[in-house]
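Asker: coordinates only, sequence not included:
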């Protein structure tokens, strides 16, 4: 499940920050500020997406077949707002913790989520919603 992967990457960043910082820092309060914005923004996006799943009465679980195609709220800007929010939260925590050496975890996390979850979900959506999903896919980007 994606939350388990996010937890693993967060734990890796925390361990790196706590035990292998090597005296590296992002420098100044800007990292705390931007990190806080990323974490807070990510949490808000997750909440907004969850509200849409509930409103449309469809599953939020990645491997389950959705009953409806959501195209409103945060889904107007990203086909995968929860995964985007997960990446934002990870990046934000890395900034807040001054985990400089953990920055490469963000693109690795994005790549892993795309390969393990998004590509399969998109294939399922194409099969279930056909033309409606094709139009949505042309209109809204995968990440942002």
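Answerer: Perfect, I can see it now. Source: prediction; values computed, not measured.
Asker: rest of the way, CA atoms for contacts and neighbours
Answerer: Will do.
Asker: wait, what's in contact with residue 68?
Answerer: 56-58 (C-alpha atoms under 8 Å, 6 or more residues apart in numbering).
Asker: Sort out for me which of these are in strands.
Answerer: Within the contacts of residue 68, no residue falls in strands by DSSP state E.
Asker: which of the residues you listed are buried?
Answerer: The neighbour count (16 or more other C-alpha atoms under 10 Å) marks residue 58 as buried among the contacts of residue 68.
Asker: most centrally placed residue in this protein?
Answerer: Nearest residue to the geometric centre of the chain (C-alpha atoms, centre = their mean): residue 83, 2.3 Å.
Asker: Okay, and the residue lying closest to that one once chain neighbours are set aside sits in which element?
Answerer: Counting by C-alpha to C-alpha, 6 or more residues apart in numbering, residue 113 is the residue found nearest to residue 83 once chain neighbours are left out, at 7.5 Å. Element membership for residue 113, per DSSP states H and E: helix 105-113.
Asker: What helices and strands are in contact with that helix?
Answerer: helix 2-19, helix 81-96 (3 or more C-alpha pairs under 8 Å, 6 or more residues apart in numbering; DSSP states H and E).
Asker: orientation of that helix relative to helix 81-96 in degrees?
Answerer: With axes from the mean of the first three to the mean of the last three C-alpha atoms, to 10 degrees applied, the angle from helix 105-113 to helix 81-96 works out at 160 degrees.
Asker: buried stuff in helix 105-113?
Answerer: 105-106, 109-110, 113.
Asker: tell me the SS of the residue of the chain positioned farthest from its centre?
Answerer: The centre of the chain is farthest from one residue, residue 23, which by C-alpha atoms, centre = their mean lies 28.9 Å away. Residue 23 falls in the coil class when you classify it by DSSP: H, G, I helix; E, B strand; the rest coil.
Asker: For it, give its distance to residue 17.
Answerer: As judged by C-alpha to C-alpha, to the nearest Å, residue 23 and residue 17 stand 10 Å apart.
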